[in-house]
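# model the following, please.
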Amino acid sequence: MALPSKVYKASIQLSDVDRGVYETLQATAAQHPSETEERLVARLLAYAIFHEPELTFTKGISATDEPDLWVKRADDRVRLWVEVGLPEPDRIIKASRHSERVALLACGRTIAIWDQQQLPKLERLANLTVLSLDQALIAGLATRLERSIAWSVTITEGMLYLTIGEETLESAIQVKAGNR
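Coordinates of the predicted model:
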């Protein structure tokens with residue numbers, strides 16, 4: 001018998017000063033049994049960082065032909081494809097051919113190796129944005145993960161400030177390719 005997904009309800013007060021986006025985001029995210037808490041946190045952070053009105057979570061890990069998040073047009077074409085983690089370059093290259101814009105929140109314990117080996121393979125893609133955050137921020141948020149999430153996220157001058165309760169955590173948003 002397969003293990004069920006864990007469902008998380010997130011309320012994110014987003015103040016993205018850099019892009020002029022001020023919204024209260026309500027999201028339900030399912031954590032696949034094989035997904036780590038760190039990856040779930042990264043998906044939620046990507047939801048805030050790349051937020052657009054039509055941005056939605058996909059089936060995630062269980063659907064290999066879908067990204068973690070996307071914006072689809074009325075004709076079912078993908079306008080924005082958002083990945084999280086350290087995907088194979090071929091996956092990103094294919095996505096860049098089939099969507100107007102591709103965004104990656106690169107994160108994971110082997111990010112330094114991925115940057116050296118895989119990032120150069122992606123530098124020709126004009127419609128790609130690759131960002132990263134401090135891995136310690138993601139790991140720290142994963143240890144505080146609750147089924148009901150209440151975050152306040154402020155993005156300004158290339159910095160992300162995340163408040164949980166009385167504590168504020170911060171990370172630079174490093175642009176590795178493209179622009180934010």
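
# what sits opposite residue 148 in the beta ladder?
With DSSP bridges applied, residue 148 shows beta-bridge pairing to residue 9.

# let me know whether it touches residue 26 as I believe.
No. Using CB atoms under 8 Å, residue 148 makes no contact with residue 26, being 11.6 Å away. For the C-beta atoms, the positions are set from N, CA and C on the backbone; glycine is no exception.

# tell me, what's touching the two both at once?
Common contact partners of residue 148 and residue 26 (CB atoms under 8 Å, 6 or more residues apart in numbering): residue 9.

# wait, what's in contact with the nearest residue in space to residue 24 that is not next to it in sequence?
Excluding its sequence neighbours, the residue lying closest to residue 24 (CB to CB, 6 or more residues apart in numbering) is residue 13, at 5.7 Å. Contacts for residue 13 were tallied using CB under 8 Å, 6+ apart; they are 24, 25, 151, 152, 153.

# contacts for the helix ranked longest in the chain next, please.
Counting residues, the longest helix found in the chain (DSSP state H) is helix 37-49. The contact list for helix 37-49 (CB under 8 Å, 6+ apart) reads 8, 10, 12, 14, 16, 25, 27, 29, 31, 55, 57, 60, 68-69, 82, 84-85, 103, 105, 107-108, 131, 133, 138-139, 141-143, 145, 149, 151, 153, 155, 160, 162, 173, 180.

# separation between the residue most central in space within the chain and residue 9?
In the chain, the residue lying closest to the centroid (CA atoms, centre = their mean) is residue 46, at 2.3 Å. Per CB to CB, to the nearest Å, residue 46 is found 17 Å from residue 9.

# likewise for residue 155?
According to CB to CB, residue 155 stands 22 Å off from residue 9.

# for those two, indicate the residue with more neighbours.
residue 155 (21 against 13; other CB atoms under 10 Å).

# and what about that one, helix, strand or coil?
Put simply, residue 155 is strand when judged by DSSP: H, G, I helix; E, B strand; the rest coil.

# related to what we said a few turns ago, please list only the buried members of the contacts of helix 37-49.
Among those, those classed as buried by neighbour count (16 or more other CB atoms under 10 Å) are 8, 10, 12, 14, 16, 25, 27, 29, 31, 55, 57, 60, 68-69, 82, 84-85, 103, 105, 107-108, 131, 133, 138, 141, 149, 151, 153, 155, 160, 162, 173.

# narrow those residues to those in strands?
Within the buried ones among the contacts of helix 37-49, residues falling in strands by DSSP state E are 8, 10, 12, 14, 16, 25, 27, 29, 31, 57, 69, 82, 84-85, 103, 105, 131, 149, 151, 153, 155, 160, 162.
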